[in-house]
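Participant: Build the 3D model from these lines:
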Amino acid sequence: MREIGHRRVPDLIAAEPSGAWLVAAARHSETLTHLGPCPVMPKGVYRYASHAEMNRHAEEALAAAMAKLAFERQPV
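Facilitator: Residues are numbered from 1 along each chain as shown. Down below sits the predicted model:
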């Protein structure tokens with residue numbers, strides 16, 4: 001496994017949970033739920049050369065799924 005960077009990431013797990021993080025997670029989950037039966041990422045095994053490439057692929061797949069769902073929900 002390749003290590004990218006040496007920056008230390010602050011510990012995001014706190015003794016007292018934050019309501020803001022919970023709201024953000026709920027919003028994200030709700031968005032994915034509203035996509036319905038449309039899969040966000042096509043099935044398969046993916047290997048990426050960098051985190052940026054993986055993020056780009058995930059964003060493109062999410063945008064394609066949202067566009068497909070919007071097209072299917074258009075009134076005739």
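
Participant: Which secondary structure element is home to L22?
Facilitator: Per DSSP states H and E, L22 falls inside helix 19-34.

Participant: scratch that, A70
Facilitator: Applying DSSP H and E as the criterion places A70 in helix 51-72.

Participant: average pLDDT across that helix?
Facilitator: Averaged across helix 51-72, pLDDT comes to 90.

Participant: Tell me the gap between it and the middle of its chain.
Facilitator: 9 Å (CA atoms, centre = their mean, to the nearest Å).

Participant: quick one: what helix or strand has H6 in it?
Facilitator: Short version, using DSSP H and E: H6 is in no helix or strand.

Participant: Next, the contact list for it, please.
Facilitator: Counting by CB atoms under 8 Å, 6 or more residues apart in numbering, H6 makes contact with nothing. Yep, even glycine has a C-beta here, placed from its N, CA and C like the rest.

Participant: Just give me the residue closest to the centre of this structure.
Facilitator: Centre of the chain computed as the mean C-alpha position; nearest residue by CA atoms, centre = their mean is A58, 6.5 Å away.

Participant: check contacts around it.
Facilitator: Here A58 is in contact with M41 (CB under 8 Å, 6+ apart).

Participant: what's the answer for the one 4 residues further on, then?
Facilitator: Counting by CB under 8 Å, 6+ apart, L62 touches V40.

Participant: Quick check: it vs G5, distance?
Facilitator: Note on L62: its distance to G5, by CB to CB, to the nearest Å, is 25 Å.
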